[in-house]
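Student: Below are the sequence and a predicted model; questions follow.
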Amino acid sequence: MALLDALRALTAFHPPDTLPPCDLEELADVLDAHGLAPLASYQLETRRIGAGVPRWLRERLLPLYQGTVNDNVFKLVTLKGALREVDVPVVLLEGAAYVDWLYPHLAFRPIGEPRLAVRGADGARFAAQLAEAGFASATAGPGGHTAVLGDGRIEIRIQEGLVAGHGDDHGLFDRREPFAAVGRTVSRPAAEDALLVTVADLALAGLHAPLLVLLDLRELLCQPALGDAAQVEAVRARAARAGLSRALHGACALAAHFFPDVAGPAANLSPGLGHAERAAVDAIVESAKDPARLRLPRGAEIAARLVVAP
């Protein structure tokens, strides 16, 4: 598929010298819709792959790159200020954790809405301390395991568990890695836990999430910590306990489809499923591979019910 070849080229950290031919209008739309435009813009502006690309395409993507740089800096500075005096353990999740870890440039991965994990027992104290930093507006999510805190400029999502809406962190805090640049009690997840958080996000979106999430997964699958056989088995076991085995199978299949370079580690990590389970998940995977879905990167409630274990 010409569009997919172009997407792979522009999202490679070491892109080829030439952009595979495709419908450039469609390419620009998909890059924008899936959160990939900033990374693509950087590649077109700084690497040989941008030679000969029409000026209008570069001009369309460049403001998205510049906007992401500004937005990421603002959110990281604001987040650091808010967490400076927090004295409870906090684990950064998603873009806020990944942008300086998995990606070689600040603009490659939009942070979006900052998201943190906090132990349930620390939730009230954490909210009170953030209120002192101006985050006085709080909205509880369904089930009592999530909340959104705002200061009128940005919102910070907090959750208790590995899976949003569930309370068990499955060892997320036990394996966390210090991230002192943001705060003295702030950490990022270990690679294997970050992968399961990403898989959980894909599950809750019925595997129909923006390709940016699969880009995160691509980079996580390449982490050295996931190359050890014992670690792979441990991740599979934690996925099973968290009800994510089906989601892990589907996520690995999608990562291998969209980014063939990680097909090996994806196949190695993918858990075994029963025939009926596998058939149900594979049907969702096939629908998520549909080129038409690239133009509409949104989840499906029915698919989510099939992927997330009860």
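Tutor: That came through fine.
Student: And P210, how far from A194?
Tutor: According to CB to CB, to the nearest Å, P210 and A194 sit 17 Å apart. Heads up, the C-betas are built off the backbone N, CA and C, glycines and all.
Student: So these two - more neighbours on which side?
Tutor: The neighbour comparison of P210 against A194 (other CB atoms under 10 Å) goes to A194, with 28 against 17.
Student: Can you tell me which helices and strands the helix or strand harbouring D71 packs against?
Tutor: Assigned by DSSP states H and E, D71 belongs to helix 55-83. Here helix 55-83 touches helix 24-33, helix 37-46, helix 94-98, going by 3 or more CB pairs under 8 Å, 6 or more residues apart in numbering; DSSP states H and E.
Student: Tell me where this protein has helices.
Tutor: 2-11, 24-33, 37-46, 55-83, 94-98, 123-132, 191-204, 211-221, 229-241, 245-258, 263-269, 275-289, 301-307 (DSSP state H).
Student: Can I get the fifth one as PDB, trimmed to CA atoms?
Tutor: Output in PDB follows, covering the C-alpha atoms of helix 94-98 (Å, rounded to 0.1, in the frame of the first residue of the first chain):
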ATOM      1  CA  GLU A  94       2.000   8.100  27.900                       C
ATOM      2  CA  GLY A  95       3.500  11.200  26.100                       C
ATOM      3  CA  ALA A  96       4.800  12.900  29.200                       C
ATOM      4  CA  ALA A  97       6.900   9.800  30.000                       C
ATOM      5  CA  TYR A  98       7.800   8.800  26.400                       C
END
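Student: follow-up on the earlier one: give me whichever of the helices and strands packed on helix 55-83 is most buried.
Tutor: Of all these, helix 94-98 carries the top mean neighbour count, a mean of 24, counting by mean count of other CB atoms under 10 Å.
Student: Output the contacting helices and strands for it.
Tutor: By 3+ CB pairs under 8 Å, 6+ apart, helix 94-98 packs against helix 55-83, strand 115-118, helix 191-204, helix 211-221.
Student: Could you pull up the mean pLDDT of it?
Tutor: Across helix 94-98, the average pLDDT comes to 95.
Student: for stretch 62-82, same thing?
Tutor: pLDDT averaged over stretch 62-82 gives 95.
Student: Which strand residues bridge A147?
Tutor: Judged by DSSP bridges, the bridge partners of A147 are A140, I158.
Student: a markdown table for the helices and strands packed on helix 94-98, including distance to P38?
Tutor: Putting the helices and strands packed on helix 94-98 into a markdown table (distance: least, CB to CB, whole Å) gives the following:
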| stretch | distance to P38 |
| --- | --- |
| helix 55-83 | 4 |
| strand 115-118 | 19 |
| helix 191-204 | 19 |
| helix 211-221 | 10 |
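Student: Please identify which of these is closest to L244.
Tutor: Across these, L244 has its closest neighbour in helix 191-204 (5.5 Å, CB to CB).
Student: what angle do the closest one and helix 211-221 make?
Tutor: 150 degrees (axes from the mean of the first three to the mean of the last three CA atoms, to 10 degrees).
Student: Of all the residues in helix 191-204, which ones are buried?
Tutor: Buried residues in helix 191-204, defined by neighbour count with 16 or more other CB atoms under 10 Å: 191-204.
Student: Out of these, which is nearest to G152?
Tutor: D201 (26.5 Å).
Student: Once you drop chain neighbours, what's closest to that closest one?
Tutor: Spatially, and ignoring its direct neighbours in sequence, D201 is nearest to V213 (5.9 Å; CB to CB, 6 or more residues apart in numbering).
Student: what about the one you found, how many residues close to it?
Tutor: 22.
Student: and if you look at L10?
Tutor: Using other CB under 10 Å, L10 has 25 other residues around it.
Student: measure the residue lying closest to it once chain neighbours are set aside to F135 for me?
Tutor: Excluding the flanking residues, the one nearest L10 by CB to CB, 6+ apart is A40, at 4.1 Å. Separation of A40 from F135 (CB to CB): 33 Å.
Student: just L244 next, same as before
Tutor: 30 Å.
Student: more crowded one of those two?
Tutor: Between L244 and F135, counted using other CB under 10 Å, the more crowded position is L244 (28 against 22).
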